[in-house]
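Novice: Okay, here's the prediction I keep looking at, along with the sequence it came from:
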Amino acid sequence: MDCIFCKIVSGEIPSQIVKETKHFLAFRDINPVAPTHILIVPKMHIEKPAELASLGDSALGELFTLIQEIAENEGIAETGFRTLFNTGKDAGQEVKHLHLHIIGGRKLGRIG
Ligand code: AMP
């Protein structure tokens, strides 16, 4: 499968890795929209948030713990940050491999 995030997970394409856990890899967005802009991807190629359930019950807890750890390490846990999945064309999803954006480090505008 020709998937850029699968290639980042396998190391075929370099990335600025922030943290790796059993099911997820976190790395810096190549085109950041804020001082902190990190993507968390499941190592397995899945495309929709609902498919996270296929990783097993422990994966969801792992994901939310990872978000918090990253926010603390980036110094944005207290100032605030946004987490979001873009899903489908109306949301402007560019990469099909599921990814969660963590965006922070500046005052963000309203969503929409
Ligand atoms: P989305 O619009 O939600 O599909 O976002 C895809 C994100 O992936 C964008 O913010 C891109 O800047 C980011 N991106 C694309 N290629 C790379 C890459 N090689 N390394 C890191 N981030 C990337």
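Specialist: Arrived safely, thanks for sending. If you're wondering where the values come from, they're calculated on a predicted model, not measured in any experiment.
Novice: helices or strands next to the helix or strand hosting residue 5 in the packing?
Specialist: Per DSSP states H and E: residue 5 is located in helix 4-10. On a contact count with 3 or more C-beta pairs under 8 Å, 6 or more residues apart in numbering; DSSP states H and E, helix 4-10 meets strand 24-28, strand 36-42. Where C-beta positions appear, they are placed from N, C-alpha and C, glycine not excepted.
Novice: could you check the angle strand 24-28 makes with the longest one?
Specialist: Computed with axes from the mean of the first three to the mean of the last three C-alpha atoms, to 10 degrees, the direction of strand 36-42 lies at 160 degrees from that of strand 24-28.
Novice: Just checking: what are the partner strands of strand 36-42?
Specialist: strand 24-28 (antiparallel), strand 100-104 (antiparallel) (DSSP bridges).
Novice: Contacts made by the last one with the rest, please.
Specialist: So the one you mean is strand 100-104. 26, 29, 33-41, 63, 67, 70-71, 74, 76, 79-86 (C-beta atoms under 8 Å, 6 or more residues apart in numbering).
Novice: ok, back up a step: what comes up buried for the helix holding residue 5?
Specialist: By neighbour count on 16 or more other C-beta atoms under 10 Å, the buried set for helix 4-10 is 5, 6, 8, 9.
Novice: What's the first helix or strand after it?
Specialist: Next along from helix 4-10, by DSSP H and E: strand 17-20.
Novice: Direction included, what does that following strand pair against?
Specialist: strand 24-28 (antiparallel).
Novice: gap between the strand it pairs with and the chain center?
Specialist: Relative to the centre of its chain, strand 24-28 is centred 6 Å away, using C-alpha atoms, centre = their mean, to the nearest Å.
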